[in-house]
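>>> fold the following and give me the result.
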Amino acid sequence: MRLLKNKYSIKQEIALVFIAVMAGTIVLCWIINNIFLENFYIQNKKSAIIDAYYRINEVMTYGDISSDAFRLELRKTCDMYNIGLLVIDAASNTKISSTRDVDKLLSRLYDNFFSPGNDIDYLDEGSSSYSIAKAMDQSTNTEYLEMWGLLNNGNLFLIRSPIESIRDSVNLSNRFLAYVGIIATLISAVLIWFVTTRITRPIMELKTISEEMTKLRFETKYESRGQNEIDQLGEHMNELSSTLERTISELKTANNELMRDIEKKEQIDEMRKEFLSNVSHELKTPIALIQGYAEGLKEGINDDDAENRDFYCDVIMDEALKMNTMVRKLLDLNQLEFGNDIVTMERFDITALVRNFIASAEILISQNDVNVRIDESAPIYVWADEFKTEEIVRNFFSNAMNHVNGDRIIEVKYRLIEEEHANRVRISVFNTGEPIPEDSLPHIWEKFYKVDKARTREYGGSGVGLSIVKAIMESMNQRYGVINYTNGVEFWFELETK
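Take a look at the predicted model:
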């Protein structure tokens, strides 16, 4: 199933959600302020005016309005709540006034008592002692919150406060909230971006690991940073990755065994006949040599010449060693061809395997004065039987060492091959020297086939090495081959990388 790519990453989504919630909260507060803050201020101002009324009523009834303490308190109250105050007696004499424009307040007081106009919007008539209303002063075109009525001692009073100042306060408050909200949103956006980056980093790491797992690459592991839910998920992903790798290894091994079993039954009889025929043919010459030289020793040929006896013994020992080596290789080849040798598919770094083998062959390389060149490559992980893959590398490299000539150069190269259904890597071993004759190319993988029999016998070759390579590669169902060049020969084999 194809994975759909998100338009936004989880980091962007979390950041956008937080920023949207914060901005929405600030906008909502601003809207609520615009709708309700003015009424809240008016209610608060109304409470302040009623409180001023009760204080003045108490002082007028029981206190001394001429005292400095009362005047100081009255001034503080008027300044604090931005109110104007006027108290007159029955004879229209001013008892208390917080403003110099007494006539204006007096006129307003009489209008409210005796001829209230249409510009009055009553809010609370309270008791028979006072009334509260919003009123428009036509002379200044200013709206006020006014309270008028009778004190307990019979005096008339008027308390007023301009509503315009309340509206200015509301507008100023809303503008301030808007500025603070914008700045807070910007600062919070930066902070949230860094916080979400830290939170989502392990999630993005898990995303990368899961992508690698879909490509059947299990080398990347999650590094735990704590014990939260994401870290626990990462540990479970690591366990899942290991389980999948192990399961795939078992499946590939089982699948490989199944494919081999299908072909094995048809080949057993033919291989048995061929094996017996080839063994009898290849052993005929060394057995004849051993028999001849042994008979010569028994008959006492050159019995007085110790050097000749040693030569006879050396020939017998050398031929016996060659027979032993050839028989051992034939037994290994027989095991492979009969399918008795289990191929274990596992994942390993082919570049490390080649480097380790070349390092182990350093003395042989130095003795033969060969220049070995290896591609510098990053680790390349393959699926194969690691032990048998090393056997292939050993046979190809030994073959190159035995036939290197000219510039005496051996090159080991890697080439990644991407195909529709599988990815592979080709490992090649090239040696300078004479190319293989074209008519011999189809036969070099056959058992006991030798291109140059004299040269093969010189270095002790049995003609079985390339047959072992062929059997191993076919047991793993992989490709192999040889390429001729004007200045040398290249043997290659391929392995799956996933």
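>>> for the residue in the chain sticking out farthest from the centre, give me the pLDDT.
When distances are taken from the C-alpha mean of the chain, A91 lies farthest, 90.4 Å away, according to Cα atoms, centre = their mean. According to the prediction, A91 has pLDDT 80.
>>> that one and L106, how far apart?
Distance of A91 to L106, computed by Cβ to Cβ, to the nearest Å: 12 Å. Heads up, the C-betas are built off the backbone N, CA and C, glycines and all.
>>> so for G481, what's the pLDDT?
pLDDT, the model's per-residue confidence, is 93 for G481.
>>> is it bridged to anything, and to what?
Using DSSP bridges, the bridge partners assigned to G481 are W492.
>>> so what's the residue count around it?
Burial of G481 is recorded as 14 neighbouring residues (other Cβ atoms under 10 Å).
>>> I figured it was touching K470, is that so?
No. Taking contacts as Cβ atoms under 8 Å, G481 lies outside contact range of K470: 10.3 Å.
>>> contacts only, for the residue nearest the centre of the chain.
With distances taken as Cα atoms, centre = their mean, the residue of the chain nearest its centroid is E205 (2.3 Å). With contact taken as Cβ atoms under 8 Å, 6 or more residues apart in numbering, E205 is in contact with 222-223, 234.
>>> if I look at it, how far off is Q227?
Here the criterion is Cβ to Cβ. By it, E205 lies 16 Å from Q227.
>>> repeat that for S67.
If you measure S67 against Q227 using Cβ to Cβ, the figure is 73 Å.
>>> which secondary element of this structure has the worst mean pLDDT?
The helix or strand of the chain with the lowest confidence, counting by mean pLDDT, DSSP states H and E, is helix 453-458 at a mean of 48.
>>> follow-up on the earlier one: what helix or strand is the residue nearest to the centre of the chain located in?
In this structure, E205 is located in helix 163-214 according to DSSP states H and E.
>>> so for that helix, mean pLDDT?
78.
>>> show me how far stretch 182-199 is from its chain's centre.
For stretch 182-199, the separation from the chain centroid amounts to 22 Å (computed by Cα atoms, centre = their mean, to the nearest Å).
>>> what do you get for stretch 39-48?
Mean-position distance between stretch 39-48 and its chain equals 58 Å (Cα atoms, centre = their mean).
>>> then stretch 398-416?
The offset between the C-alpha centroid of stretch 398-416 and the centroid of the whole chain comes to 41 Å, using Cα atoms, centre = their mean.
>>> can you get me the start-to-end distance on it?
End-to-end span of stretch 398-416 (Cα to Cα, to the nearest Å): 24 Å.
>>> give the rounded mean pLDDT of that stretch.
The pLDDT scores in stretch 398-416 average 91.
>>> show me what it is in contact with.
Judged by Cβ under 8 Å, 6+ apart, the contacts made with stretch 398-416 from elsewhere in the structure are 350-351, 354, 358, 364-365, 368-375, 377, 380, 397, 423-434, 455, 459, 461, 465-466, 487-489, 491, 497.
>>> looking at those, which are in strands?
Judged by DSSP state E, strands contain the following of the contacts of stretch 398-416: 371-374, 423-432, 488-489, 491.
>>> tell me the bridge partners for M136.
Beta bridges link M136 to E143, judged by DSSP bridges.
>>> looking at it, it is touching T142, isn't it?
Yes. Taking contacts as Cβ under 8 Å, M136 lies within contact range of T142: 7.5 Å.
>>> pick out whichever of the two has more residues nearby.
Using other Cβ under 10 Å, the more surrounded residue of M136 and T142 is M136, with 16 against 13.
>>> can you read off the pLDDT for that one?
Among the per-residue scores, M136 holds a pLDDT of 79.
>>> separation between it and P435?
Remark: distance between M136 and P435 (Cβ to Cβ) = 113 Å.
>>> do I96 as well
For I96, the distance to P435 equals 126 Å [Cβ to Cβ].
>>> those two - which one has more neighbours?
When I96 is set against P435 and neighbours are counted by other Cβ under 10 Å, the residue ahead is I96, at 18 against 15.
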